[in-house]
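Asks: I'll drop the sequence and a predicted model, then ask my questions.
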Amino acid sequence: MADVEQSRPVENQAKHVLYCGVCTLPVEYCEFGGMAKKCEDWLKDTHPDAYQQLYSEEALTSKLSSLSVSAQERAAKDAAKKEAKAAAAEARDAERKAASKVQIKRVERNKRKHVTVITGLDIYGLENKKLAKELGKKFATGSSMTRSAGGTEEITVQGDVSEDVKEWLLEFYAKEIPEVNIELIEDKKKKSSS
């Protein structure tokens, strides 16, 4: 029989990838995320060694030396466009959040039965299904997320818990939703005159 070398199995090493805290891309690709300046500042504050590796004078000059003059100009223009677009989108999103309202309605079903309907939470980045489940547990009632006729998501909680829902939202989601953007509405059915 032939001599067969006993080879050791090669151990695979896991590669550590550093992800940006701003755009969530790997730090090498932050320039394509649209928030390059914010990403660069974050990297400088949290990981100075990686910042030196990517953004030091030597690293930048070595990267730019391989580009032609026209490619450098195009890259600078593209970066400026992406930065402006990201800033405009961020401003638009902040303006939309400031103008939107979370409405908590107390709706009368029958004579003494009520439900509480909450709309407008999805604008603040909150998951309505998860919140419906939390509200059901919190108030020990039935709670569900549905789509209204207008296409917006709303949470329906059985019972008159509108004041409690407002307090709960202010307690747990005060960072996301300012108090001035929460409004209570009482919706009564019109009684028919007989």
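Replies: Good, I have the coordinates.

Asks: So which residue is smack in the middle of this protein?
Replies: Centrality entry for the chain: nearest residue to the mean C-alpha point is G125, 5.4 Å, by C-alpha atoms, centre = their mean.

Asks: In this model E176 seems to touch it, though I could be wrong.
Replies: Yes - using C-beta atoms under 8 Å, G125 is in contact with E176, at 6.8 Å. In this view, the C-beta of every residue, glycine as well, is placed from N, C-alpha and C.

Asks: now the end-to-end length of stretch 30-42.
Replies: Across stretch 30-42, the terminal residues are separated by 11 Å (C-alpha to C-alpha, to the nearest Å).

Asks: Give me the buried positions along that stretch.
Replies: Within stretch 30-42, the residues scored as buried using 16 or more other C-beta atoms under 10 Å are C30, E31, G33, G34, M35, A36, K38, C39, E40, W42.

Asks: Stretch 110-129 too?
Replies: 114-124, 126, 128.

Asks: do stretch 162-172 as well
Replies: S162, D164, V165, K166, W168, L169.

Asks: Show me those residues that map onto helices.
Replies: S162, D164, V165, K166, W168, L169 (DSSP state H).

Asks: in this structure, which spans are helices?
Replies: Secondary structure of the chain (DSSP H): helices at 36-46, 48-55, 57-65, 69-99, 128-139, 162-172.

Asks: Out of those helices, which is closest to I155?
Replies: With respect to I155, and counting by C-beta to C-beta, the nearest of the helices of the chain is helix 128-139 at 4.7 Å.

Asks: coming back round to it: just the ones in helices among the buried residues of stretch 162-172 now: which is nearest S70?
Replies: L169 (54.2 Å).

Asks: so who does the closest one touch?
Replies: Counting by C-beta atoms under 8 Å, 6 or more residues apart in numbering, L169 touches V102, I177, I182.

Asks: can you check N110 too?
Replies: No contacts exist for N110 under C-beta under 8 Å, 6+ apart.

Asks: hang on, the earlier thing: could you redo the buried residues of stretch 162-172 as JSON lines and give each row pLDDT?
Replies: Output for the buried residues of stretch 162-172, formatted as JSON lines (pLDDT from 0 to 100):
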{"residue": "S162", "pLDDT": "87"}
{"residue": "D164", "pLDDT": "90"}
{"residue": "V165", "pLDDT": "89"}
{"residue": "K166", "pLDDT": "88"}
{"residue": "W168", "pLDDT": "88"}
{"residue": "L169", "pLDDT": "87"}
